[in-house]
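In: sequence unknown, structure follows:
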């Protein structure tokens, strides 16, 4: 997932630096509201899903007052009551698999928008179960190595409960955990004074499809971009592995 994850970081940086900030905060607010509803509590200490949702919101520089207001409205039954979580599956250019997580109060609208994005960008919406088996839920923690030996930090992370770790050329280490152990490992790494850049529960592909053709890679990136731009879509996952040079050449 190396190419895709780097591309996702580029997309995330763009979304924070342009007019998408409002859309991003809306998505994070939905996530917080549903976490309160599903967890039955507005206390992050007693609601692990809410704790992670708040952490993601803070990582995106969402103002604290926005977070607190969303929690209060959710506790009062105002926010998130009509939202339901829906997963869609499909195929992208080059035989890639795409998994989409959405929150919506209108399934008909959401599926129509997603189907349209696929058909206009070289993909197709699939049946339930068509590609979900390719992905597995994982906790992902990205930390700054800051001169530490990646092998030593990897072993330390595994001792703390992580399943695996993978260093990158940009002096970061990606630590993989089970979703249940994500918060425990994140907190343990923080206590050892490691700088956590990102921590989230995500879907990681078991197999990857390498895209070396620029046209196919760019078409796939455009499809994911269009899907991410839809208001009801929370997350888009792909098993594409795209070389850095093709990521850099995408406009």
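Out: Done, it's in. This is a predicted model, so every value here is computed, not measured.
In: can you tell me the distance between the two ends of stretch 127-135?
Out: 15 Å (CA to CA, to the nearest Å).
In: list the contacts for residue 188?
Out: 160, 161 (CB atoms under 8 Å, 6 or more residues apart in numbering). For every residue, glycine as well, the C-beta is placed using N, CA and C.
In: strands of the stretch 151-251 of the chain, start to end?
Out: For the stretch 151-251 of the chain, the strands defined by DSSP state E, counting those that start in this stretch occupy 164-167, 172-177, 195-205, 209-210, 233-238, 240-241.
In: now distance to residue 226 and mean pLDDT too, for these, in a markdown table please.
Out: A markdown table is the format used below for those (distance: least, CB to CB, whole Å; pLDDT from 0 to 100):
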| stretch | distance to residue 226 | mean pLDDT |
| --- | --- | --- |
| strand 164-167 | 29 | 91 |
| strand 172-177 | 27 | 93 |
| strand 195-205 | 19 | 89 |
| strand 209-210 | 19 | 92 |
| strand 233-238 | 10 | 92 |
| strand 240-241 | 15 | 92 |
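In: which stretch among these comes nearest residue 70?
Out: strand 233-238 (14.8 Å; CB to CB).
In: note down every partner strand of the closest one and its orientation.
Out: strand 96-104 (antiparallel) (DSSP bridges).
In: so what touches the partner strand?
Out: Outside of strand 96-104, the residues within contact range by CB under 8 Å, 6+ apart are 27, 30-31, 34, 83-92, 110, 114, 123, 131-132, 134-135, 203, 205, 209, 211, 220, 223-224, 227, 230, 232-240.
In: let me see the domain layout of the protein.
Out: For the chain, automatic domain parsing gives the domain ranges 2-75, 84-133+207-248, 135-205.
In: least reliable of those domains by average pLDDT, please.
Out: Ranked by mean pLDDT, the domains of the chain bottom out at domain 2-75, which scores a mean of 77.
In: pLDDT wise, what is the most far-flung residue of the chain relative to its centre at?
Out: For the chain, the residue at maximal distance from the C-alpha centroid (CA atoms, centre = their mean) is residue 76, at 27.8 Å. pLDDT, the model's per-residue confidence, is 82 for residue 76.
In: please list all residues in contact with it.
Out: Not one residue lies near residue 76 by CB under 8 Å, 6+ apart.
In: same thing with residue 184?
Out: 160, 161 are the contacts of residue 184 under CB under 8 Å, 6+ apart.
In: can you show me the helices along the stretch 101-250 of the chain?
Out: Shown for the stretch 101-250 of the chain, the helices assigned by DSSP state H, counting those that start in this stretch span residues 107-120, 150-159, 182-191, 214-228, 244-248.
In: how much space between the residue farthest from the centre of the chain and residue 33?
Out: According to CB to CB, to the nearest Å, residue 76 stands 11 Å off from residue 33.
In: and the strands of the stretch 151-251 of the chain as a markdown table, adding distance to residue 103 and mean neighbour count?
Out: A markdown table is the format used below for the strands of the stretch 151-251 of the chain (distance: least, CB to CB, whole Å; neighbours: other CB atoms under 10 Å):
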| stretch | distance to residue 103 | mean neighbour count |
| --- | --- | --- |
| strand 164-167 | 30 | 16 |
| strand 172-177 | 24 | 22 |
| strand 195-205 | 15 | 18 |
| strand 209-210 | 27 | 16 |
| strand 233-238 | 6 | 22 |
| strand 240-241 | 24 | 22 |
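In: for residue 48, find the nearest of these.
Out: Counting by CB to CB, residue 48 lies closest to strand 195-205 out of those; the figure is 9.6 Å.
In: how far out from the middle of the chain is that closest one?
Out: Distance, stretch centre to chain centre, for strand 195-205: 7 Å (CA atoms, centre = their mean, to the nearest Å).
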